[in-house]
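Participant: Quick check, what structure comes out for this input:
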Amino acid sequence: MDVISIKVNFVIVPIDGYTGETPAGAVFAVTSDGKRALKKDGYLVFYGLSDGKYEITAGGGNYISQTLELETSERCQTVEVTLMPSRSYKFNSACSKLFGRFDGADGKAEVIFPLENTEARLMGEYKKGERKISAFLSEMLLRTNAKLAIDGAGYGIKQLSAVEFELSRPLENDVGINSGLGIMYDVTPNRCGEYFLAVRGAYKTAVAVYKGVSRTVELKQSENEYNFFKER
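Facilitator: Here you go, the predicted model:
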């Protein structure tokens, strides 16, 4: 009897950017030409794709969609995608929300939520250019794949041991135990130039960074409006 072999190209692992767990509710992944991923055990699986580059949109009813650019190879590729909550998300804990507009639909900004020393801190002094650090970091930061902000600069982090981490790029400056740490999120507008960001935790302030300008935003208990407009 002939054996039919089906090649798996991509396995998309969705992560809830609010809880760090498997997303609640239906999620999807689809290529720009309409090929949808098969849902299996919480993963989104693409198989039988022709060789080439693919633009894949992942999202769900309770999440903001985001786009990945992947290229097929001889091996199956496993990719984590962090889905941030949309307005329809059911928030069941303290959270901080920002919403507003950009001065264009092609903008990009970062928002940093500062952490107290009891929540996160470096455990040594490190020179500009180094990529490995020892630190105490919150479990939520690690689970949601958010960037670590060190003195305002954002770094992806890979956990090597309980307190050892590798940064996604070299340190921009010398840092140490007194450096300010925070959780950094990328923010992009939708086609209408609007954005929405919700993160777990009741933060008092956030730092909005847009086109090289940083501004501190005072946060209320309810939703907070902040617009990203270029300085004139």
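Participant: for the chain, where's the lowest mean pLDDT among helices and strands?
Facilitator: Scoring the helices and strands of the chain by mean pLDDT, DSSP states H and E places helix 139-143 at the bottom, with a mean of 80.
Participant: what packs against it?
Facilitator: Helix 139-143 is packed against strand 157-159, with contacts defined by 3 or more Cβ pairs under 8 Å, 6 or more residues apart in numbering; DSSP states H and E. Every C-beta, even on glycine, is put in place using the N, C-alpha and C of the backbone.
Participant: which parts of the strand it packs on are buried?
Facilitator: Counting neighbours by 16 or more other Cβ atoms under 10 Å, one finds that the buried residues in strand 157-159 are I157.
Participant: Each with direction, which strands does the helix or strand just after it pair with?
Facilitator: Going down the chain from strand 157-159, the next helix or strand is strand 164-167, by DSSP states H and E. With DSSP bridges as the test, strand 164-167 is paired with strand 132-136 (antiparallel), strand 157-159 (antiparallel).
Participant: By mean pLDDT, show me the worst of the ones you listed.
Facilitator: When the strands paired with strand 164-167 are ranked by mean pLDDT, strand 157-159 comes last with a mean of 93.
Participant: Find the residue at the geometric middle of the chain.
Facilitator: A146 (4.7 Å; Cα atoms, centre = their mean).
Participant: And the helix or strand following the least confident helix or strand of the chain, what does it pack against?
Facilitator: The helix or strand immediately downstream of helix 139-143 is strand 147-150, counting by DSSP H and E. Taking 3+ Cβ pairs under 8 Å, 6+ apart as contact, the helices and strands that strand 147-150 lies on are strand 153-155, strand 181-187.
Participant: that older thread, can you tell me how far the residue nearest to the centre of the chain sits from Y89?
Facilitator: Distance of A146 to Y89, computed by Cβ to Cβ, to the nearest Å: 16 Å.
Participant: which ones are touching A146?
Facilitator: A146 is in contact with 17, 82, 183-185, counting by Cβ atoms under 8 Å, 6 or more residues apart in numbering.
Participant: out of those, which one sits closest to Y63?
Facilitator: Nearest to Y63 among the contacts of A146: G17, at 8.0 Å, using Cβ to Cβ.
Participant: related to what we said a few turns ago, wait, which of the helices and strands packed on strand 147-150 is closest to V13?
Facilitator: Among the helices and strands packed on strand 147-150, the nearest to V13 by Cβ to Cβ is strand 181-187 (18.7 Å).
Participant: Pull the closest one out as PDB, backbone CA atoms only.
Facilitator: Extracted in PDB, the C-alpha atoms of strand 181-187 (Å, rounded to 0.1, in the frame of the first residue of the first chain):
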ATOM      1  CA  LEU A 181      13.500  48.400  34.200                       C
ATOM      2  CA  GLY A 182      10.100  48.000  32.500                       C
ATOM      3  CA  ILE A 183       7.900  46.000  30.200                       C
ATOM      4  CA  MET A 184       7.900  47.300  26.600                       C
ATOM      5  CA  TYR A 185       5.200  46.700  24.000                       C
ATOM      6  CA  ASP A 186       5.300  47.600  20.300                       C
ATOM      7  CA  VAL A 187       2.200  49.600  19.200                       C
END
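Participant: chain center to that strand: distance?
Facilitator: The chain centroid and the centroid of strand 181-187 are separated by 8 Å under Cα atoms, centre = their mean, to the nearest Å.
Participant: Touching the helix or strand that that strand is followed by from outside, list them.
Facilitator: Under the assignment DSSP H and E, the closest C-terminal helix or strand after strand 181-187 is strand 194-200. For strand 194-200, the external contacting residues (Cβ under 8 Å, 6+ apart) are 17-19, 64, 84-87, 89, 91, 93-102, 111, 113, 140, 183, 185, 187-189, 228.
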